[in-house]
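Visitor: here's a sequence, model it:
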Amino acid sequence: MKLLLVALVAAALWAKPADSLTCYVCDKEESNWNCLKPQTCAKEDKYCVTTHSTVGLGKDKEPRISKYCSALCPETNLNIGIASFSASCCETFLCNISGASSVKTSYTVMAAGILASLLYVLRAGL
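Guide: Prediction:
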């Protein structure tokens with residue numbers, strides 16, 4: 001069975017033109033399981049991009065994953081407590097299989113924001 005799978009992957013790699021990249025694609029999915037649809041990219045696309053964003057607190061967190069082909073690499077990592085956004089790039093066949101789940105809301109940043117808001121409210125009341 002493994003030999004058949006290896007043969008199919010090798011055939012797929014050989015059948016595609018050398019300059020075409022293939023990436024997984026999806027748009028604003030809640031789970032990486034919904035992001036496993038391969039697509040052949042346009043000739044100008046050199047990167048497979050995966051974005052992961054999270055908004056909310058605790059049980060109300062709403063993760064979203066998007067994957068696409070791109071000519072540019074918008075690599076980013078932003079975390080502002082109750083919201084985070086990450087974009088990662090890669091350049092090989094179906095390399096964006098990961099859901100970029102390494103970006104998580106930081107409880108330290110969130111606690112610092114709540115503390116700063118509380119101090120501002122207390123100070124404004126005096």
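Visitor: tell me which element Ile97 falls in.
Guide: Taking DSSP states H and E as the definition, one finds Ile97 inside no helix or strand.
Visitor: thought it was touching Pro38?
Guide: No. Here Ile97 does not reach Pro38: they are 9.9 Å apart, not a contact under C-beta atoms under 8 Å. From N, CA and C alone the C-beta is placed, and that goes for glycine too.
Visitor: who has more neighbours, those two?
Guide: Ile97 (15 against 12; other C-beta atoms under 10 Å).
Visitor: list the contacts of that one.
Guide: Residues near Ile97 by C-beta atoms under 8 Å, 6 or more residues apart in numbering: 24, 36.
Visitor: ok, now how distant is Gly81 from Val55?
Guide: If you measure Gly81 against Val55 using C-beta to C-beta, to the nearest Å, the figure is 11 Å.
Visitor: and what of Cys41?
Guide: From Cys41 over to Val55 (counting by C-beta to C-beta), the distance is 29 Å.
Visitor: looking at the two, which has the bigger crowd around it?
Guide: Using other C-beta under 10 Å, the more surrounded residue of Cys41 and Val55 is Cys41, with 19 against 14.
Visitor: hmm, Cys90 is touching Lys46, no?
Guide: No. Look at Cys90 against Lys46 with C-beta under 8 Å: they stay out of range, at 10.3 Å.
Visitor: can you give me the helices in the chain?
Guide: 2-15, 107-125 (DSSP state H).
Visitor: quick one: low-confidence ranges for the chain?
Guide: Judged by pLDDT under 70, the chain has its weakly predicted residues at 1-19, 100-121, 124-126.
Visitor: spell out the residue ranges of the strands in it.
Guide: In the chain, strands defined by DSSP state E lie at 22-29, 37-40, 47-55, 62-70, 76-79, 83-90, listed in chain order.
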